[in-house]
Structures are given as C-alpha cells and as structure tokens.
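Participant: Please find the sequence and the predicted model below.
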Amino acid sequence: MLRRTKIVATLGPASERRETLKKMIASGVDVARLNFSHGNPDEHRRRARALRKAAKDCRRDVGLLGDLQGPKIRVMRFKKGSVHLKNGASFFLDSTLGLCDGTKKGVGVALDTLHRDVKPGDLLLLNDGLISLEVGSVEGTRIHTRVIDGGILSDHKGINLKGGGLSAAALTDVDRENIKLAAELQCDFLAVSFVRTGKDIIEARKLFEEAGGKGLIVAKIERTEAVENIDEIIDAADVIMVARGDLGVEMGYAELTGIQKKLIRKTRKAHKIVITATQMMESMIENPIPTRAEVSDVANAVIDGTDAVMLSGETAVGKYPNKAVKAMAEVCVGAEKFPLPQGRTSHRMNDHFDRVDEAIAMAAMYTANHMSVKAIVALTESGSTARWMSRIRSDIPIYALTPHETTARRVALYRGVYPVEFGVDPANSTSLYRDIFDALLLGEHVEADDIVIFTKGDLDGVEGGTNAMKIVTVKASA
C-alpha cells in the first residue's frame, strides 16, 4: 500500500550527514525542512547540499522547505543563566533592561512595544506556557507582574500573550536576509512564521521572488490573529501549516484539536495544501518508539485529510531520526486504511469551473472513483492539475509526470501525488504513450493491462494547458 500522507522532516545536527539523510529518505521523507531559527547560513548551505546529494543517490525528488524565524518574542539573558520563579512572587519585564541583567526580580524582553500591547489582568505565558505571569501594572516600559505558575525560567525563552494581540511584525530584518538565503538554496517552499494577515504573505512572496525564489509560500498559523483572519491568509498562501506550539499556548490547549480540524478542512476546501506540525512524536527525541498518544495524534491528522505531517526536534536533534521517520510512515499507512469519513463522489458536484485544466482534473477523479482504475497519470508543467486531483479523497495514486525538477519536488508534498520526472519529446508525439508506459512500468508504478486515466495538454511547455483526458490500458513493450 502506497503511503498517501507526506512526511516533512527537520534537518539539524542529528540528520545532516549524507548517509543518515539517505536512510531517512528511504524510510519516507518527502520534504526536508531548514529551520532558520537555529544554525547559521553556512550550516544551512551544507545541509541543503547534503540533502540534494542524498536525494539524487536515492533517485527521489525531495522538496526543501526554508522556515523563517519570525518575531519570536523572548526574554533576554539572566546573570546566572536562569532563575526560579515562585508562585505569588513579583516579577517584571522591561525592554530597556540590559541584555544580560536578568535576575529573580525581572528580565529584559526582545520587543520594544510589549509594554503597549498589554494591560492589567492580561496573562503572559513563558516557555511554551509552563510559566504564567499576570500583569498588574505598566509603568513606562516596565511591566509589573505576579507569578501565577512558577518554575525555572532560563535565557531566551519565548513569550506569548494569552488570546493574542502582540504587535510584532511578521517579518524581521533577519527574516529578510534569510529569504535571500532561501532563494539562493532554491528552496521549494518558504514558510513565514507568526503570520497575522494575508498582507504578511504577499510581502514575503514579493521579497522571495525579487531574490530569485520560485518556491511556494507556506503560512504558519500560530497566532490568534491568524485564526481570525484565516480566509484571507489561505487565499494569499499556497500552503497552510498548523503550527500547534505557539498556537496552543495563545489559544489554549483545550481548543487546539478543534482548530486543527477546522484549518485542515478550510484549506482543503480552498484547494490548497496543509501541513500539521509540532510535537507530533516529540518523545522520540529521547526514545526509540512513540507514545500511544502520539500515534493517535498523527493518525487523527491523517484521517482529517492533512497533506503532510512534520517532525521537528525528533529528526533535528533527536537520538533516533531515522526511526522517527519510519514510525511516522507506519502510522500514516495504518491510519489511511481507516474508511473515508465522506463520500468520494460529492466533492464539488455543484461547483462551476472557470479553468479548463481544473475541470479536467475533477472529471478525471470522478471517473477514477467509478471505474476499476489503478492509477491517474497527469502530464503537468506546474503541478496544478495534480494538486486539484489530490483534493478529492481517494486511494488511487496520482502520478505527476513533469519535465521540471522543481515541479517534481513541489508535488512531493501533495497528498496522494507521486512525482515522476518525464521529458516529452515534441518532435515525436506519436511515441508519447509508449514512453509513458515504459516510464511507469520501469518504476513499477503500474503493471501491463492496468487501466489508467491520462490527462495532458495539446501544447507542451504551457502552464495550465491541460485540456484532455483519456482512459487507456497499459501495454508492455513488444
């Protein structure tokens, strides 16, 4: 059984060696993530090179995702590295305090406007919500708080405002430099952190394209404001990432599962791609197998229809990066055996299609789900036809045949779509089917006498030109 849900794995010290990457790709990695929150440009360049080489060795098209740091709001440093905050104690936050002058009385913060964003009664959540501070008063830049839930607070831990509302812009100066780096590395996807509105995505796309980037733009949903503005963000972005870490802190863990389901449903309905991320198998940073709760978490996202699930620290710094990939792949396959929660044939039955290629994609999927079809074969320039097909729930594999390596790496993220690099010879169109059959048979994607649905355009090299669908029987070479 082919695994339809794709796996994104974060690169780091535990997974930067070429041999390790080859094992991870063989185990199921479809897209590799460079986390620009950690490491330096030279480390990212080295990891990107290692990934490309490993993917070539494995004869796989593996996408590369550059993930911007964004305005992660953090406390500054303590004189002794950390402090123990006791429940009920007073503690202040002040953006003008020295970078290394933190004590048990207070600490600096890396957001000049924080004092203008909060008011008495607000709850500030530090270190992923493990520590909570209630705002008592604000005097100038100094925010006086009372410790509600104490604990050890160390250097550079994050700060969230319960319910959202912090004014930090989505793109920082560091992000602008990393956008240039992502373009240099030919990243297939660029993820924008702490998005608030669709304008953040438009700005990031403009900067990426100006730097020479050609990848898709991913909107990370991790702010309350992003959930409130989700429709315009989905419209502006190519991919949505449900980044459950900061989102869960800001909106509360009790609502997180419902929000995740809503975001997956909305994104798929808009014919966009969705990734579910953060702490999916976090125990595997230290342990060789996941917990049963983590298995259920991954399976739940798969059953909801997410295109991809993501590993973070598990593969970046964990002890068992390859085992984490294997475990996630096994859970995905297991969950995909679960009966589909909705019928296959009702999707968009009452819609009007404005594009010919979109109409062909929908017709192909409707036909496939009503015949004994073994595969769908889409000749595609940009991957759009395969993306539209993948929005319909089906267990029929979609093979995206493309002459473009960048398109092949892009569709590697789409649920149920499998890239096959295939060059069409315009001077010899009569042999097209024979060449396609040979490529599919060689890759063991189909067998002789299988019935497949085939979509293509009349003109090669024209993006969005798919205008024909045929039902054909695979014939072996004479």
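Facilitator: Yes, it's here.

Participant: Surely Gly163 is in contact with Glu250?
Facilitator: Yes - shown here, Gly163 and Glu250 form a contact pair, counting by CB atoms under 8 Å, at 6.7 Å. Just so you know, the C-beta spots here come from the backbone N, C-alpha and C atoms, and that holds for glycine as well.

Participant: Which one's more surrounded, these two?
Facilitator: Glu250 (22 against 11; other CB atoms under 10 Å).

Participant: how far does the helix or strand where that one lies sit from the chain's center?
Facilitator: Assigned by DSSP states H and E, Glu250 belongs to helix 244-251. Between the centre of helix 244-251 and the centre of its host chain there is 16 Å, according to CA atoms, centre = their mean, to the nearest Å.

Participant: Do you have the strands of the stretch 301-450 of the chain handy? List them.
Facilitator: Listed in chain order, the strands found in the stretch 301-450 of the chain under DSSP state E, counting those that start in this stretch are 308-311, 375-379, 398-402, 417-421.

Participant: and the shortest one, which strands flank it?
Facilitator: Read it as strand 308-311. Using DSSP bridges, strand 308-311 pairs in its sheet with strand 6-10 (parallel), strand 273-277 (parallel).

Participant: okay if I get those strands as CSV plus distance to Ile360?
Facilitator: Listed next are the strands paired with strand 308-311 as CSV, based on distance: least, CB to CB, whole Å:
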stretch, distance to Ile360
strand 6-10, 24
strand 273-277, 20
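
Participant: Serialize the ones you listed to a markdown table and add fields for mean neighbour count.
Facilitator: Output for those, formatted as a markdown table (neighbours: other CB atoms under 10 Å):
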| stretch | mean neighbour count |
| --- | --- |
| strand 6-10 | 27 |
| strand 273-277 | 27 |
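
Participant: Go through these and name the closest to Ala412.
Facilitator: Across the strands paired with strand 308-311, the minimum distance to Ala412, taken as CB to CB, is reached by strand 6-10, at 6.7 Å.

Participant: After the closest one, which helix or strand is next?
Facilitator: By DSSP H and E, the next helix or strand past strand 6-10 is helix 18-27.

Participant: what helices or strands is the helix holding Glu250 leaning on?
Facilitator: Here helix 244-251 touches strand 159-161, helix 224-228, helix 253-269, going by 3 or more CB pairs under 8 Å, 6 or more residues apart in numbering; DSSP states H and E.

Participant: Any idea which of the ones you listed gets closest to Cys100?
Facilitator: From the helices and strands packed on helix 244-251, taking CB to CB, the stretch that ends up closest is strand 159-161, at 17.6 Å.

Participant: So which residues make contact with the helix or strand immediately after that closest one in the chain?
Facilitator: The C-terminal neighbour of strand 159-161 among helices and strands, as given by DSSP H and E, is helix 173-184. For helix 173-184, the surrounding residues in contact (CB atoms under 8 Å, 6 or more residues apart in numbering) are 34, 36, 41, 44-45, 66, 68-70, 190, 192-193, 204, 207-208, 211-213, 215.

Participant: in the stretch 1-150 of the chain, which spans are helices?
Facilitator: With helices called from DSSP state H, counting those that start in this stretch, the stretch 1-150 of the chain shows them at 18-27, 41-58, 114-117.

Participant: can I get those in a markdown table with distance to Val8 and mean neighbour count?
Facilitator: As requested, these are arranged in a markdown table below (distance: least, CB to CB, whole Å; neighbours: other CB atoms under 10 Å):
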| stretch | distance to Val8 | mean neighbour count |
| --- | --- | --- |
| helix 18-27 | 11 | 19 |
| helix 41-58 | 12 | 17 |
| helix 114-117 | 32 | 18 |
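
Participant: got JSON lines for the ones you listed, with mean pLDDT too?
Facilitator: As requested, the helices of the stretch 1-150 of the chain are arranged in JSON lines below (pLDDT from 0 to 100):
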{"stretch": "helix 18-27", "mean pLDDT": "97"}
{"stretch": "helix 41-58", "mean pLDDT": "97"}
{"stretch": "helix 114-117", "mean pLDDT": "95"}
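
Participant: So which of those helices is nearest Ala254?
Facilitator: When those are ranked by distance to Ala254, counting by CB to CB, first place goes to helix 114-117 at 24.0 Å.

Participant: care to break this protein down by domain?
Facilitator: Here the domain assignment for the chain is 6-70+169-335, 82-161, 356-473, based on automatic domain parsing.

Participant: Comparing the helices and strands packed on helix 244-251, which comes out most buried?
Facilitator: Ranked by mean neighbour count, the helices and strands packed on helix 244-251 are led by strand 159-161 with a mean of 23 (mean count of other CB atoms under 10 Å).

Participant: In this structure Cys187 contacts Gly215, no?
Facilitator: Yes - applying CB under 8 Å, one finds Cys187 in contact with Gly215, separated by 5.1 Å.

Participant: Mind listing the shared neighbours of the two?
Facilitator: Common contacts of Cys187 and Gly215 (CB under 8 Å, 6+ apart): Gly66.

Participant: Which residues lie in contact with the residue most central in space within the chain in this structure?
Facilitator: Centre of the chain computed as the mean C-alpha position; nearest residue by CA atoms, centre = their mean is Ile275, 4.0 Å away. By CB under 8 Å, 6+ apart, Ile275 lies in contact with Val8, Val218, Val239, Ile240, Met241, Val242, Thr306, Asp307, Ala308, Val309, Met310, Leu413.

Participant: With Asp307 instead?
Facilitator: If a contact means CB under 8 Å, 6+ apart, then Asp307 has Thr5, Lys6, Ile273, Val274, Ile275, Ser390, Leu413, Tyr414, Arg415 as its contacts.

Participant: cool, and Asp238?
Facilitator: Listed by CB under 8 Å, 6+ apart, the contact partners of Asp238 are Leu216, Ile217, Val218, Lys272, Ile273.

Participant: Please apply the same query to Arg74.
Facilitator: Under the criterion of CB under 8 Å, 6+ apart, the contact partners of Arg74 comprise Val109, Ala110, His156, Lys157, Gly158, Ile159.

Participant: Report the beta-bridge partner residues of the last one.
Facilitator: To tie it back to what came earlier, the one meant is Ile159. For Ile159, the residues forming beta bridges with it (DSSP bridges) are Leu126.

Participant: From Lys6, how far out is it?
Facilitator: Computed with CB to CB, to the nearest Å, the distance linking Ile159 and Lys6 is 33 Å.

Participant: Could you check how many residues crowd around the nearest residue to Ala48 once chain neighbours are set aside?
Facilitator: Distances taken as CB to CB, 6 or more residues apart in numbering put Leu185 closest to Ala48, at 4.6 Å, once the chain neighbours are dropped. A total of 21 residues lie near Leu185 under the criterion other CB under 10 Å.

Participant: which residues of the stretch 301-450 of the chain score low on pLDDT?
Facilitator: Judged against pLDDT under 70, the low-scoring parts of the stretch 301-450 of the chain cover residues 339-352, 424-430.
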